[in-house]
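> what's the 3D shape of this:
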Amino acid sequence: MPEKKKVLIVDDEKAITDTFVMIFELQGYEAKPAYSAEEALSLLDQWKPALAIIDVMLPKMNGIDLAIAMESLCPAVRVLLISGQTATADLLAGYGEQGRKFAILAKPIPVHDLLEHTARLEALN
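Numbers count the residues shown, from 1 in each chain. Down below sits the predicted model:
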């Protein structure tokens, strides 16, 4: 039996994180939750996801900085950012000027769109 693809869901809104984990597990993934950037980084010591879905507006460390840190610690990871905040556009533009580009979806995210975007990211491997 092939190994399940690993996906890390990072959002400080527990209901969103837990729902996404359940959705991905039902799709045959091995999914793990993290409710902060710090928790996500500590998971990388023992568990290397193929995909990370990260909320941009996290306390302490924002999701973009987390994505950059994850890419350096786990170069094969594909990142999909999510946000329900309009301020995210300005934040992303600043990182874009530094040559950092990330796929992003606006909350609330229809399940079909979430799965379609993750499939596209996986196809890049």
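
> In the protein, what residue spans correspond to helices?
Listed in chain order, the helices found in the chain under DSSP state H are 14-26, 37-43, 63-73, 88-97, 111-123.

> ok, now how distant is the nearest residue to residue 34 once chain neighbours are set aside from residue 33?
Closest residue to residue 34 apart from its sequence neighbours, by CB to CB, 6 or more residues apart in numbering: residue 40 at 3.8 Å. For the C-beta atoms, the positions are set from N, CA and C on the backbone; glycine is no exception. From residue 40 across to residue 33, the span is 9 Å (CB to CB, to the nearest Å).

> any common contacting residues for these two?
residue 10 (CB atoms under 8 Å, 6 or more residues apart in numbering).

> Show me which of the two is the more surrounded one.
Under the neighbour definition other CB atoms under 10 Å, residue 40 and residue 33 were set side by side, and residue 40 has more, 26 against 19.

> wait, isn't that one in contact with residue 9?
No: here residue 40 does not reach residue 9: they are 9.1 Å apart, not a contact under CB atoms under 8 Å.

> so what's the residue nearest to residue 8 when sequence neighbours are not counted scoring on pLDDT?
Closest residue to residue 8 apart from its sequence neighbours, by CB to CB, 6+ apart: residue 49 at 4.1 Å. Residue 49 carries a pLDDT score of 96 in this model.
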